[in-house]
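Undergrad: With the sequence up front, the predicted model follows.
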Amino acid sequence: MFKKDNILFGLLPGLLTPLVIALMLYKFWAIGPLSEFYRLSIQSGNLTKLLALGCFLNLAVFFLFIRMDRLRSAQGVIFGTFFYVFVTVYFLFIR
């Protein structure tokens, strides 16, 4: 049976929430296709800012899991956020 307090249950919203926020911002600001928005975001250095903005909503998900006493799921949200930290470091310093 699927247990609701595990790391994978928290990892999914931890990874998907910033992507959903970035796609919502794309729908709000972009005129052209998604690939063009992605290319322009990388060239202008705004991709990392969009992902960081999306990670702020991970705080709400994290505290929701803490409030519901689902500590393993909250750890999954933290792991998902760390994934975006590594992506941000890659785009800022390595690439």
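TA: Right, received. Where do you want to start? Numbering: from 1, shown residues only.
Undergrad: Which helix runs longest in the chain?
TA: If you go by DSSP state H, the chain has its longest helix at helix 7-29.
Undergrad: Show me the shaky parts of this protein.
TA: 1-3 (pLDDT under 70).
Undergrad: which residues of it fall in helices?
TA: Using DSSP H, helices in the chain cover 7-29, 34-44, 47-67, 71-89.
Undergrad: Can you tell me which of the ones you listed is nearest to Arg95?
TA: Arg95 lies closest to helix 34-44 among the helices of the chain, at 8.4 Å (Cβ to Cβ). Using the backbone N, CA and C atoms, a C-beta is placed for each residue, glycine as well.
Undergrad: Not counting sequence-adjacent ones, nearest residue to the most centrally placed residue in the chain?
TA: Centroid check for the chain by Cα atoms, centre = their mean gives Pro18 as the closest residue, at 2.7 Å. The shortest distance from Pro18 to any non-neighbouring residue, by Cβ to Cβ, 6 or more residues apart in numbering, is to Gly54 (2.9 Å).
Undergrad: Distance check, the one you found against Leu71.
TA: Distance, Gly54 to Leu71, using Cβ to Cβ, to the nearest Å: 23 Å.
Undergrad: For the two, indicate the residue with more neighbours.
TA: Gly54 (21 against 11; other Cβ atoms under 10 Å).
Undergrad: so the more buried one touches Ala22, yeah?
TA: Yes - using Cβ atoms under 8 Å, Gly54 is in contact with Ala22, at 5.3 Å.
Undergrad: dump the residue contacts of Ala30.
TA: Contact analysis of Ala30 by Cβ atoms under 8 Å, 6 or more residues apart in numbering lists 36-37.
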